[in-house]
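> I would like to see how this sequence folds:
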Amino acid sequence: MGLALAGFATVAWSGIGNPVILSPTSQLWVEGKSTIKDWKCTADTLQAAIEAQNTEPATKVLAGEKAISTVELTIPVEKLNCNNNGTMNEHMKKALKAKENPVIAFHLVSYELAPAENGREGSLTGTLRIGGVEKPVVLSVEMLPGTEGGLRVKGTQLLKMSDFGLKPPSLMLGTMKVKDQVTVGFDLLLNK
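Just a heads-up that it's a prediction; the model follows:
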């Protein structure tokens, strides 16, 4: 569930006179299994506030400098789309407690960078809030050169719905049950 969506929103990365935008080709998703079939959810909107300490943050991060000072990601639960299936969408929104907690949110607390073959590997430490429950998370990411001086950030993370007090959906009198563990994936492209 965590960061499930396909990014069609623009996201400002505030550097001194150097805004960076989340490309519409960016993707975030969540996928899992049920007793009947595999499923995947995406969303149409990602809202974010990302601030850099100076200009050229993508170049500096790829050089190993911690040029990012703030990352706040918010996903409106209403924008989740599970396999274009209206029934599944409704059950997933109910499972995520969308009425009481309309957003999924990630707040970056700190991060580490290490050299990698084509860019940097990173470890992002932060908090993830789903269904009104906030938990610490550590995300492993790849940071690669993007197009036109941008930064590409990729990764996957296993989560259990029950860790956030969520009950996986079940349908057809319990004959179809969603498995507790899901995989959150993201492939974000930040451009100047």
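
> from here on, contacts and neighbour counts on C-alpha atoms
OK.

> Please name the strands paired to the longest strand belonging to the chain in the sheet, noting orientation.
The longest strand of the chain (DSSP state E) is strand 176-191. Using DSSP bridges, the strands paired with strand 176-191 are strand 21-22 (antiparallel), strand 27-34 (antiparallel), strand 151-160 (antiparallel), strand 170-171 (antiparallel).

> need the helices for this structure, in chain order.
57-62, 86-95 (DSSP state H).

> Return the set of buried residues in stretch 163-172.
164, 166-170 (16 or more other CA atoms under 10 Å).

> swap that for stretch 86-100, please
88-98.

> Then stretch 168-187?
168-170, 177-187.

> same deal with stretch 139-159?
For stretch 139-159, using 16+ other CA under 10 Å, the buried residues are 140-145, 150-159.

> How about the contacts made by Ser162?
168, 180 (CA atoms under 8 Å, 6 or more residues apart in numbering).

> and the gap between it and Lys179?
10 Å (CA to CA, to the nearest Å).

> Need the residues touching each of the two.
What both Ser162 and Lys179 touch, as defined by CA under 8 Å, 6+ apart, is the set Pro168.

> re earlier: what's the closest of the strands paired with strand 176-191 to Lys66?
strand 151-160 (13.4 Å; CA to CA).

> now the closest one, how far from the chain's geometric center?
7 Å (CA atoms, centre = their mean, to the nearest Å).

> Any chance of the helices of the chain in TSV with mean pLDDT and distance to Arg120 as columns?
Shown next, in TSV, are the helices of the chain (pLDDT from 0 to 100; distance: least, CA to CA, whole Å):
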stretch	mean pLDDT	distance to Arg120
helix 57-62	89	6
helix 86-95	89	35
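
> Relative to Ile36, which of those is closest?
The nearest among the helices of the chain, by CA to CA, is helix 86-95 at 12.8 Å.

> What helices and strands are in contact with the closest one?
Secondary-structure packing of helix 86-95 (3 or more CA pairs under 8 Å, 6 or more residues apart in numbering; DSSP states H and E): strand 80-82.

> Can you list the strands that the strand it packs on pairs with?
Counting by DSSP bridges, strand 80-82 is paired with strand 38-43 (antiparallel).

> Any buried residues in the strand it pairs with, and which?
40-43.

> Can you list the low-confidence ranges for this structure?
For the chain, applying pLDDT under 70 flags the ranges 1-21, 171-175, 192.

> Distance across stretch 157-165, terminal residue to terminal residue?
End to end - CA to CA - stretch 157-165 spans 18 Å.

> what's the answer for stretch 114-123, then?
End residues of stretch 114-123 are separated by 9 Å (CA to CA).
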